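# Coordinates for the following, if possible.
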Amino acid sequence: MIGLISATTAGAAARDRLAAAWPDRTRAYDGPVGDAVRTAFAECEQLVCFLATGAVVRLIAPLLSDKRADPGVVCVDEGGRFAVSLVGGHGGGANELALEVGELLGAEPVVTTATDSVGVPGLDTFGFPVEGAVPAVSRALLDGEAVTLETEVPWPLPPLPVAPHGAYTIRVTDRAVEPSGHEVVLRPPSLVVGVGASRNAPVDEVLGLVEGTLLEAGLSGRSLAALATVDAKAEEPGIVAAAERLGVPLVTYSAEELARVEVPNPSDAPLAAVGTPSVAEASALIGGGELLVPKRKSAMVTCAVVRRPARGRLAVVGLGPGARDLLTPRAKAELRRASVLVGLDQYVDQIRDLLRPGTRVLESGLGAEEERARTAVEEARRGQAVALIGSGDAGVYAMASPALAEASDDIDVVGVPGVTAALAAAAILGAPLGHDHVSISLSDLHTPWEVIERRVRAAAEADIVVTFYNPRSRGRDWQLPKALTILAEHRTGTTPVGVVRNASRPDESGRLTTLDALDPATVDMMTVVTVGNTATRDIAGRMVTPRGYRWQEEAL
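Reported below is the predicted structural model:
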């Protein structure tokens, strides 16, 4: 919950805007400001104070205890010009909150955390435990000193500016190692412990076996991701309480699912009791991975430990038509999150300045789409956080299709939509896509012309607005005239046609012509051509397709 505190009429107005926008996330605190701040500090995960930073500093100073537990605090000035991340930038989420508040109120976010300021991710922001010399290693990263990354357990981390042989080290491991004075240890949630238990097994016995097994195996309990068991034990008090004390979820599987898992130590006892020859080993192994510790027993409990492989992450990102302000905030966030970027060289150049230091860039030229798709999927399968970029929307004549054709369910895939060329061109032309419309690529490099022609005829007969992608190149100069001829069989020569080249880029051009007047020689691969339907009109120099024929008749 976000506590909102204000002292003046202007502050209350801004407070109310936040409250209206985030009704389920916020709570307004009234009364004397000092009392309100103290109460909200105790009750909320974050605070937004519409007060001077000096006043807030004095009020919260006696309340601060630990940056890992204190709420994040953001201050907004009386004029609503700035949203200042005051304390809890990382641990309390104040840096992200300042960005959100700034976007909503039109204020400039002010973030002074050193790592955020220079684009280096904070070592305490990865979402799992961190140990060791965090300040020293962070300082080394900021100062450009050599820092080595050792990934004993591959994990999809954000980019880090690391070197092969540095005086400082970031180690990613689930082993129980003590960090040195120049080392940070990151604990990824890579371990799953399968647990079986007799009825009413005490929680202390469950905990004792689990923690003792991890200790003897030299594994860190801070990398424990979950306890797993059979459905029949989903409400077993000792197992449920053990998961709660360890602070991890309890996941369960049916006996039928577990019975299909091959295990080294099956037993008749669980088969008779719950219908599967293995609970501990099978429930740990069902998600795949390496069995680090086979079944261990105590009087009433069994357990086994598996290291599950990291699931790599592939974000397929649409960059939009070219203009930076048409690149979505979600796309920017994914570009900064990825440790590996894969893309066409000219698209990489468009967004290179947005990449964090340490991002590995794998770029290639025109015509290597399938190779880029394979590369991106392979990198994700290695446990990397990958961004595969394409222009417009990556799912429209771009990289999403070949990438997802290569991908399987062993990686996480995220699609990030972008503004397509058809939409960017339509906004320039007016409203040509106001009713049903279709996009057709005239490139027959991957699709036989017979198929393309059949689609053009179908659109012509159905009286649908058509946007042509890839309309004409040096080696393909007859396809556009042929497509226009097919459309002319069903539409008059005065049908409006919009021609837009390099939509949203500095040399953007757009013009409105007709089906009879369009000269295909003026069109190239950087152009999209939109042909209206029989209802489309040129109104005040703008191409407009009514939302419905009946509406148009009523308007006339």
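# And the strands in the stretch 151-300 of the chain?
With DSSP state E, counting those that start in this stretch as the criterion, the stretch 151-300 of the chain has strands at 168-172, 183-186, 191-197, 224-230, 250-253, 290-297.
# Report all helices and strands that the first one contacts.
In this case it means strand 168-172. Here strand 168-172 touches helix 134-142, strand 147-151, strand 183-186, going by 3 or more Cβ pairs under 8 Å, 6 or more residues apart in numbering; DSSP states H and E. C-beta here means a position set from N, CA and C on the backbone, and glycine is covered the same way.
# hmm, back to that, using a markdown table, lay out the strands of the stretch 151-300 of the chain together with mean neighbour count, mean pLDDT and distance to Glu100.
Below are the strands of the stretch 151-300 of the chain laid out as a markdown table (neighbours: other Cβ atoms under 10 Å; pLDDT from 0 to 100; distance: least, Cβ to Cβ, whole Å):
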| stretch | mean neighbour count | mean pLDDT | distance to Glu100 |
| --- | --- | --- | --- |
| strand 168-172 | 22 | 92 | 29 |
| strand 183-186 | 24 | 93 | 27 |
| strand 191-197 | 29 | 96 | 34 |
| strand 224-230 | 25 | 96 | 29 |
| strand 250-253 | 19 | 96 | 32 |
| strand 290-297 | 17 | 95 | 40 |
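# okay if I get the ones you listed as JSON lines plus distance to Glu216?
Listed next are those as JSON lines, based on distance: least, Cβ to Cβ, whole Å:
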{"stretch": "strand 168-172", "distance to Glu216": "22"}
{"stretch": "strand 183-186", "distance to Glu216": "20"}
{"stretch": "strand 191-197", "distance to Glu216": "13"}
{"stretch": "strand 224-230", "distance to Glu216": "15"}
{"stretch": "strand 250-253", "distance to Glu216": "23"}
{"stretch": "strand 290-297", "distance to Glu216": "8"}
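# you'd agree Ala323 is up against Asp507?
No - if you go by Cβ atoms under 8 Å, Ala323 and Asp507 don't touch, sitting 11.8 Å apart.
# Those two - which one has more neighbours?
Higher neighbour count among Ala323 and Asp507: Ala323, with 16 against 8, using other Cβ atoms under 10 Å.
# Could you find the closest non-adjacent residue to that one?
Ser504 (3.7 Å; Cβ to Cβ, 6 or more residues apart in numbering).
# what about Ala424, distance to Arg324?
For Ala424, the distance to Arg324 (Cβ to Cβ, to the nearest Å) stands at 13 Å.
# So which of those two has more stuff around it?
Taking neighbours as other Cβ under 10 Å, Ala424 and Arg324 compare with Ala424 leading, 25 against 13.
# Kindly give the local confidence score, pLDDT, for the more buried one.
Note on Ala424: pLDDT of 95.
# who touches it in this structure?
Gly320, Pro321, Leu326, Gly392, Val500, Ala503, Ser504 (Cβ atoms under 8 Å, 6 or more residues apart in numbering).
# Residue nearest the middle of the protein, spatially speaking?
Centroid-nearest residue in the chain: Glu334, 5.4 Å away (criterion: Cα atoms, centre = their mean).
# these two touch, right, Val305 and Thr213?
Yes - contact criterion Cβ under 8 Å: Val305 and Thr213 qualify, at 6.2 Å.
# Comparing these two, which residue is more hemmed in?
Neighbour totals were compared for Val305 and Thr213, and Val305 leads with 26 against 19 (other Cβ under 10 Å).
# The more buried one - that's part of a strand, no?
Yes - counting by DSSP: H, G, I helix; E, B strand; the rest coil, Val305 is located in a strand.
# Tell me the spacing between it and Gly418.
Relative to Gly418, Val305 is positioned 43 Å away (criterion: Cβ to Cβ).
# which residues of the stretch 401-550 of the chain score low on pLDDT?
Low-confidence segments of the stretch 401-550 of the chain (pLDDT under 70): 549-550.
# still on that earlier bit, buried ones in whichever strand or helix holds the residue nearest to the centre of the chain, by neighbour count?
Per DSSP states H and E, Glu334 falls inside helix 329-337. Neighbour-count burial for helix 329-337, counted by 16 or more other Cβ atoms under 10 Å, picks out Ala331, Lys332, Glu334, Leu335, Arg336, Arg337.
# With stretch 229-248 instead?
Quick answer for stretch 229-248 (16+ other Cβ under 10 Å): 229-233, 236, 238-243, 246, 248.
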